[in-house]
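In: Predicted model and sequence follow; I will ask about them next.
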Amino acid sequence: MGTLVATLSTRSEDNIGVSWVSENSLDKLWYSLNNGQSYVLTDQTGVEGYLSFYDLTPNTEYKIILKGREKSSGAAIFSELLDISTYDYPFCNKTPDFTIGEKLILGFYNPLEREITVNLIGADG
């Protein structure tokens with residue numbers, strides 16, 4: 001029986017990309033985003049490929065497992081579990097105390113340069 005290896009290729013706050021490679025050619029490939037509780041059949045076959053998972057929830061861990069069926073033997077092979085979390089951004093990473101009338105500088109982690117709206121609410125609401 002051969003091997004099936006899955007690796008993280010890309011991720012953002014709402015998508016994950018996984019590359020896979022198999023020692024032997026596959027005629028079927030399934031994936032699970034929930035630790036093998038359920039699987040979805042893909043249209044991918046062969047010895048390598050790439051899966052994209054879109055519209056995911058930000059700041060959420062996904063437990064991804066791939067399952068393949070070897071073309072020559074019909075044997076089922078599984079990848080090791082990938083624990084992959086989507087990012088939670090943009091987010092504010094610098095929030096100093098300040099006094100009204102003074103300069104306020106906020107820091108944001110925003111690698112995708114998303115539009116940000118900031119609302120300041122006083123302690124009295």
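Out: Alright, I've got the coordinates. Numbers count the residues shown, from 1 in each chain.
In: rest of the way, CA atoms for contacts and neighbours
Out: Noted.
In: Heading C-terminal from the lowest-mean-pLDDT helix or strand in the chain, find the next helix or strand.
Out: Of all the helices and strands that make up the chain, the one with the lowest confidence by mean pLDDT, DSSP states H and E is strand 91-94; it has a mean of 81. Helices and strands here follow DSSP states H and E; after strand 91-94, the next one along the chain is strand 107-109.
In: Run through who's touching that following strand.
Out: Strand 107-109 is contacted from outside by 89, 90, 91, 92, 93, 94, 95, using C-alpha atoms under 8 Å, 6 or more residues apart in numbering.
In: burial count for the second one?
Out: As a burial measure, the neighbour count of residue 90 was computed by other C-alpha atoms under 10 Å and equals 16.
In: Apart from its chain neighbours, what residue comes closest to it?
Out: Using C-alpha to C-alpha, 6 or more residues apart in numbering and skipping the chain neighbours, the partner closest in space to residue 90 is residue 110 (4.5 Å).
In: what's the one you found in contact with, if anything?
Out: Residues in contact with residue 110, defined by C-alpha under 8 Å, 6+ apart, are 89, 90, 91.
In: all strands for the chain, in order.
Out: The residue ranges that make up the strands of the chain, judged by DSSP state E, are 4-11, 16-32, 40-41, 46-53, 61-70, 76-78, 82-85, 91-94, 107-109.
In: Take the ones you listed and lay them out in a markdown table including mean neighbour count and distance to residue 122.
Out: Rendered in a markdown table, the data for the strands of the chain read as follows (neighbours: other C-alpha atoms under 10 Å; distance: least, C-alpha to C-alpha, whole Å):
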| stretch | mean neighbour count | distance to residue 122 |
| --- | --- | --- |
| strand 4-11 | 17 | 36 |
| strand 16-32 | 18 | 38 |
| strand 40-41 | 12 | 49 |
| strand 46-53 | 15 | 40 |
| strand 61-70 | 21 | 34 |
| strand 76-78 | 19 | 54 |
| strand 82-85 | 17 | 34 |
| strand 91-94 | 12 | 17 |
| strand 107-109 | 13 | 19 |
